[in-house]
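> Attaching a predicted model along with its sequence, questions to come.
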Amino acid sequence: MDAALMVVDSLESQEQTGKPADSGLDFQNYMRYCEEIRQQPAFRSEMDKCAEYYDGNQLDGDTLDDLESKGLGPLITNIIRPTIDVVLGMEAKTRSDWRVIADADQWQDVAEAQSAKIHEAERESRADRACSDAYAGQIKAGLGWVEVGRHSDPFKYPYRARAVHRREIFWDWLSQEHDLSDARYLLRKKSFDRDEVAAHMPQHADLIRSAGGGWSADWLERASRSLYLAQALDMERGWSLEDYEWRDVGNNRVTLTEGHYARTVRGYVLRLPDGRTVEMDLNNPAHAAAVSSGRLKPIPAVYTKWNRSIWMGPHKLSDSPRMSKRHPYIPFFGYREDLTGVPYGLIRSMISPQDEANARRRKLLWLMSAKRVEMDADSLSEKHNSIQQMLDELARPDAVVVLNQNRKNANAFRVDHNMGLAQQQFEVLQANKAEIQEAAGVYNAMLGRESGSTSGLAINSLVEQGTTTLAEINDNYRFSRRLVGEALLDLISEDMIGQQVDVMTGESGKRKIISLNKPTMDPALGVQVLQNDVSRAQTKVALEDVPSTPAYRAQQQTMLGEVMKSLPPQLQAIIAPFYLEATELPKRRDIADLLRKQLGMSQEEGQGSDPEKAEMLQAIEQLQAQLQEAQNAPALQEMTAKIEKLLAEAAKTRAEAYEIVERVEAVERQERAMGIPENDPIEQEIEQMVFAAR
């Protein structure tokens, strides 16, 4: 088959297999997804319980009624919240920024420009706050979500990253990958006002108002004259879910379901010389020319793409024709059960000790106020008090009980305060509080409380041990945070493709402009190409090696200050400008530049394209000059002269020894030519002389 026929065959296969003939997600598959969600394990109520315990709502109605019947109040000591807050504070303290790295040196400028753009998107889209909120859900309940997409409001920043509550997201339970890349579907349900939905989708305004309002008599009459509304009304008859799940007639609200579903596509891909694999698009002249010329060969493949469909109950409002590589929702999983895959967080293991702590505290207060009375029948004076009056009186701090002076047993009336049992309950309560912290992997040193360790090294070891205990769940967080950065970079790169963009990079005073997708002429081929082409750049998102928080920067500055103290004064002057730039002073760069100028370290105009490298070279040259001046000191000069004299004498002796050896070897060659025996006395004497010379 020639190249032209190959092009036609690949195009037909791509159209027949890669673009389904149906209109996207149909009603049967959508109903199947909904039924699968209803049959999933009932784990969401347990997640809600964990969140309630963190908020302090730890007693339900039945427990409160039972406590009231026993005369005990709803006493709660929330030990879970401060323990979890320590873990959440660790995320804010050790947060790392995103950076874009290049797989090859030729894409280094593109990576630097994309790093500047993703830092801007991180700041403007509030991505850090979204990741922190998702991390809170991950730690508390075991699951958090972040949505990364474009903003619909044209007056706001074009990209958005915001946390989504776990109650809105439903996913394919058969998925095994941590990022749900192998899932078949992901659904999000959210309620809106009917008028708001109708404003966004005016083509379905009648359907939204009629079905969302419960098909009032007015709309039923209109449906009899409209085929579109009649079909929608008939569609609801095959709907098995309840009305309250998608419409609220009293509050004029409807629930929309945003369904992202994976489509298995069979088509052709092209493997480019730089190692990238792209989907073949014959509408792209470059792809068509490469295939026609035989430089690239179409490779049959089966791959997955994602579509988006929006439903209002049984009614499909839209189905996006554009297929993307991923869905916009990033999961933040905590821990997951091995058998069921149910996600859970730190609080689940803390609920039982928390309940025990609350029960023991109520029991302790009851024991401290309760009194046990042992008495004979004739112990009380019936004239002054009865048994009930005596019990009420003992509950008072100034109790008075009148005894019968004619009782048979003088020691028959005894009151026991149960203080021994109260002390035991208190000791068990203290041990129970420690169990809650151990269940979460948090120690007293991390909470800022007193511990058995007194030295700073031991306290740091406990903090490090607690960090190690939380390593798995924090590693899951870093993985999901990186996915958020990748989703933002995909949106940024998609908007840059084919457009020349100038990006300002570097710090203040050391900035430079990088042009992306800049049209230039290739001198070898004589055609126009794009310099720093974003669509061809092989870059990826990574997390910074060190945190970017103010606390960590202050720690680095302290370490740099300690290093400066141990340096000689001339080296301290060289490091001082860099130390000032590491501070948080408003005019730190101006002060550092002024200090460099006074030290003679300022960069001259036209010296180089990288000011930082030029300053470093000047600093090295200054250090070398200072060392040269130190070498010119009288003591060093005298010592250098002696060393040079000894080296000269050693070189002279070595040269004389080599000359003697050469003469001996010449004599030996002459003796062998004349037939003189090797053990000749004269030869032995010459060898001894040579050995002494060596």
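On my side now, so go ahead.
> Show me what Arg414 bridges to in the sheet.
Glu374 (DSSP bridges).
> mind listing what His384 touches?
Val402 (CB atoms under 8 Å, 6 or more residues apart in numbering). Any C-beta I mention is one placed from the backbone N, CA and C, and that applies to glycine too.
> So what does it have for phi and psi?
Torsion angles at His384 (phi, psi; degrees, to the nearest 10) stand at phi -110, psi -30.
> Next up, phi/psi of Pro314, please.
According to degrees, to the nearest 10, Pro314 has phi -90, psi 0.
> neighbours of it, just the number please.
20 (other CB atoms under 10 Å).
> what does Lys305 give?
17.
> Bridge partners for it, pull those for me.
Arg263.
> Next, Arg396: secondary structure please.
coil (DSSP: H, G, I helix; E, B strand; the rest coil).
> So it versus Arg589, what's the distance?
73 Å (CB to CB, to the nearest Å).
> Check Trp306 too.
46 Å.
> More neighbours: which of those two?
Using other CB under 10 Å, the more surrounded residue of Trp306 and Arg589 is Trp306, with 20 against 16.
> and the more buried one, what does it touch?
Contacts of Trp306 (CB under 8 Å, 6+ apart): His260, Tyr261, Ala262, Arg263, Met323, Ser324, Lys325, Arg326, His327.
> what do you get for Gly275?
Neighbours of Gly275 in contact, by CB under 8 Å, 6+ apart: Gln538.
> Next one: it relative to Ala230, how far apart?
On the measure of CB to CB, Gly275 and Ala230 end up 56 Å apart.
> Now do the buried residues in the helix or strand hosting Ala357.
Taking DSSP states H and E as the criterion, Ala357 maps to helix 351-369. Within helix 351-369, the residues that count as buried by 16 or more other CB atoms under 10 Å are 351, 353-354, 356-364, 366-367.
> for Ala198, what are its contacts?
His204, Ala205, Ile208, Arg209.
> Ok, Asp62 next?
Asp62 neighbours (CB under 8 Å, 6+ apart): none.
> can you put the contacts of Ala198 in JSON lines and add secondary structure and distance to Arg482?
Output for the contacts of Ala198, formatted as JSON lines (DSSP: H, G, I helix; E, B strand; the rest coil; distance: CB to CB, whole Å):
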{"residue": "His204", "secondary structure": "helix", "distance to Arg482": "38"}
{"residue": "Ala205", "secondary structure": "helix", "distance to Arg482": "42"}
{"residue": "Ile208", "secondary structure": "helix", "distance to Arg482": "39"}
{"residue": "Arg209", "secondary structure": "helix", "distance to Arg482": "44"}
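> Write the ChimeraX selection for whichever of those residues are buried.
The ChimeraX selection below is limited to those of those classed as buried (16+ other CB under 10 Å):
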select :204,208,209
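> Name the nearest residue to Leu599, sequence neighbours excluded.
In this structure, Leu599 finds its nearest non-sequential neighbour in Ala573, 5.8 Å apart by CB to CB, 6 or more residues apart in numbering.
> Could you double-check that the one you found sits in contact with Gly600?
No: in this structure Ala573 lies outside contact range of Gly600 using CB atoms under 8 Å: 10.2 Å.
> before we move on, the earlier item: among the contacts of Ala198, which one sits closest to Glu168?
Ile208 (19.8 Å; CB to CB).
> Which pLDDT value goes with the closest one?
Here, the pLDDT recorded for Ile208 equals 93.
> I'd like the distance between it and Ala198.
Taking CB to CB, one finds Ile208 at 5 Å from Ala198.
> Okay, and Leu25 sits in which element?
Residue-wise, Leu25 maps onto no helix or strand under DSSP H and E.
> what's the burial count for it?
Leu25, neighbours per other CB under 10 Å, totals 21.
> Of Ala573 and Gly600, which one has the most company?
Remark: of Ala573 and Gly600, Ala573 carries more neighbours, 17 against 8, as counted by other CB under 10 Å.
> what's the pLDDT at the more buried one?
So Ala573 comes in at 75 (pLDDT).
> State the next helix or strand along the chain beyond the helix or strand containing it.
Taking DSSP H and E as the definition, Ala573 sits inside helix 569-581. Using DSSP H and E, the next helix or strand after helix 569-581 towards the C-terminus is helix 588-598.
> any idea of the mean pLDDT in that next one?
73.
> quick check: angle from it to helix 569-581?
150 degrees (axes from the mean of the first three to the mean of the last three CA atoms, to 10 degrees).
> Same question for helix 588-598: list its buried residues.
Buried, per 16+ other CB under 10 Å, within helix 588-598: Arg588, Arg589, Ile591, Ala592, Asp593, Leu595, Arg596.
> Gln528 and Pro519 touch, don't they?
Yes: using CB under 8 Å, Gln528 is in contact with Pro519, at 5.5 Å.
> List just the nearest of the buried residues of helix 351-369 to Ile436.
Pro353 (4.4 Å).
> before we move on, what SS does Val529 have?
strand.
> Let me see the contact set for it.
Counting by CB under 8 Å, 6+ apart, Val529 has contacts Pro519, Thr520, Met521, Asp522.
> Now intersect those with the helices, please.
In helices, defined here by DSSP state H, there are no members of the contacts of Val529.
> Relative to Glu507, which of these is nearest.
Of the contacts of Val529, the one sitting nearest to Glu507 (CB to CB) turns out to be Thr520, at 28.1 Å.
> Once you drop chain neighbours, what's closest to that closest one?
The nearest residue in space to Thr520 (CB to CB, 6+ apart) is Gln531, at 4.8 Å.
> Which strand residues bridge the one you found?
With DSSP bridges as the rule, Gln531 is bridged to Lys518.
> Wait, it touches Lys518, no?
Yes: counting by CB under 8 Å, Gln531 touches Lys518, with 4.4 Å between them.
> And the chain, split by domain according to the record?
348-472, 550-631, 634-693 (automatic domain parsing).
> For the first one, measure first residue to last.
The straight-line separation of the ends of domain 348-472 (CA to CA, to the nearest Å) is 16 Å.
> What mean pLDDT does that domain get?
For domain 348-472, the mean confidence score works out to 70.
> now do the shortest one
The average pLDDT for domain 634-693 rounds to 64.
> who touches His204 in this structure?
His204 neighbours (CB under 8 Å, 6+ apart): Ala198, His315, Leu317.
> If we go by neighbour counts, what in the helix or strand containing the first one is buried?
Under the assignment given by DSSP H and E, the secondary-structure element containing Ala198 is helix 194-200. In terms of neighbour count (16+ other CB under 10 Å), helix 194-200 has its buried residues at Arg194, Val197, Ala198.
> Which one of these is nearest to Leu489?
Closest to Leu489, out of all of those and judged by CB to CB, is Val197, at 31.6 Å.
> Spatially, what comes nearest to the closest one if we skip its sequence neighbours?
Closest to Val197 by CB to CB, 6+ apart is Ile208, at 5.3 Å.
> and that neighbour, how far is that from His200?
10 Å.
> Then Glu52?
34 Å.
> What of Leu391?
69 Å.
> what do you get for Lys597?
59 Å.
> With Lys190 instead?
13 Å.
> need the strands for the stretch 351-500 of the chain, in chain order.
372-374, 414-416 (DSSP state E, counting those that start in this stretch).
> Just put those in CSV and tack on mean neighbour count.
Converted to CSV, the strands of the stretch 351-500 of the chain look like this (neighbours: other CB atoms under 10 Å):
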stretch, mean neighbour count
strand 372-374, 12
strand 414-416, 12
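> got these as CSV, with distance to Met47 columns?
Below are those laid out as CSV (distance: least, CB to CB, whole Å):
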stretch, distance to Met47
strand 372-374, 44
strand 414-416, 46
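> where do the strands sit along the stretch 151-300 of the chain?
Under DSSP E, counting those that start in this stretch, the stretch 151-300 of the chain gives strands at 159-164, 169-171, 185-193, 247-248, 253-271, 277-279, 299-312.
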